[in-house]
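Trainee: could you look at this predicted model? Sequence included:
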Amino acid sequence: MSMFKIFDTAGSGMAAQSLRLNTVASNLANAESVSSTQQGAYRAKEPLFAAVKQRVEGAVADAATVGVKVDGVTESQAAIPSRYEPGNPMADANGYVYGSNVNPVDELVNMISASRSYQNNVEVMNTTKQLMVKTLDLGK
């Protein structure tokens with residue numbers, strides 16, 4: 001594997017974790033939102049990732065390009081909580097409002113995990129760059 005492929009791999013990981021952080025931010029921003037119907041309530045978003053391994057044309061048999069691919073973003077199927085608030089202007093005919101199914105604790109854990117994964121990919125890139133520079137310095 002070429003040293004330059006490491007940048008592609010780490011870059012795809014950084015892009016995936018960036019999407020994950022944006023999804024967490026969206027979920028946290030809508031954690032306290034309410035709706036007048038269960039169908040209209042905000043559902044937590046969850047990104048789906050897949051590992052990518054593709055054969056490089058004209059390369060050695062075991063050489064491959066690897067990375068992370070975003071397969072999409074799904075909505076959580078967790079139950080939508082309802083609260084009895086007859087004075088709320090968003091309440092339905094029975095006096096219920098429906099909240100989002102976002103769990104802030106889970107989202108904060110996801111945020112920490114995504115942030116650390118992003119930082120690890122940055123470290124991989126920095127280490128690779130340092131190794132390439134040191135390799136070039138060997139010729140001096």
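Mentor: In hand now; what should we look at?
Trainee: any stretches of this protein with poor pLDDT?
Mentor: Applying pLDDT under 70 to the chain picks out residues 1, 54-65.
Trainee: which residue is nearest the middle of it?
Mentor: Residue closest to the mean C-alpha point of the chain, counted by Cα atoms, centre = their mean, is Arg20 at 1.6 Å.
Trainee: which residue sits closest to that one, ignoring its sequence neighbours?
Mentor: Counting by Cβ to Cβ, 6 or more residues apart in numbering, Arg20 lies nearest to Ala114, which is 4.2 Å off, once chain neighbours are set aside. (C-beta placed from N, C-alpha, C; glycine too.)
Trainee: who's in contact with the one you found?
Mentor: Ala114 sits next to 17, 20-21, 24 when contact means Cβ atoms under 8 Å, 6 or more residues apart in numbering.
Trainee: now tabulate the residues you listed in CSV and tack on secondary structure.
Mentor: Converted to CSV, the contacts of Ala114 look like this (DSSP: H, G, I helix; E, B strand; the rest coil):
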residue, secondary structure
Gln17, helix
Arg20, helix
Leu21, helix
Val24, helix
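Trainee: and which of those residues is nearest Tyr84?
Mentor: Val24 (29.8 Å; Cβ to Cβ).
Trainee: separation between the closest one and Ser115?
Mentor: According to Cβ to Cβ, to the nearest Å, Val24 and Ser115 sit 9 Å apart.
Trainee: and if you look at Thr127?
Mentor: 19 Å.
Trainee: out of Val24 and Ser115, which sits in the busier spot?
Mentor: Neighbour tally, Val24 and Ser115, criterion other Cβ atoms under 10 Å: the higher count belongs to Val24, 25 against 14.
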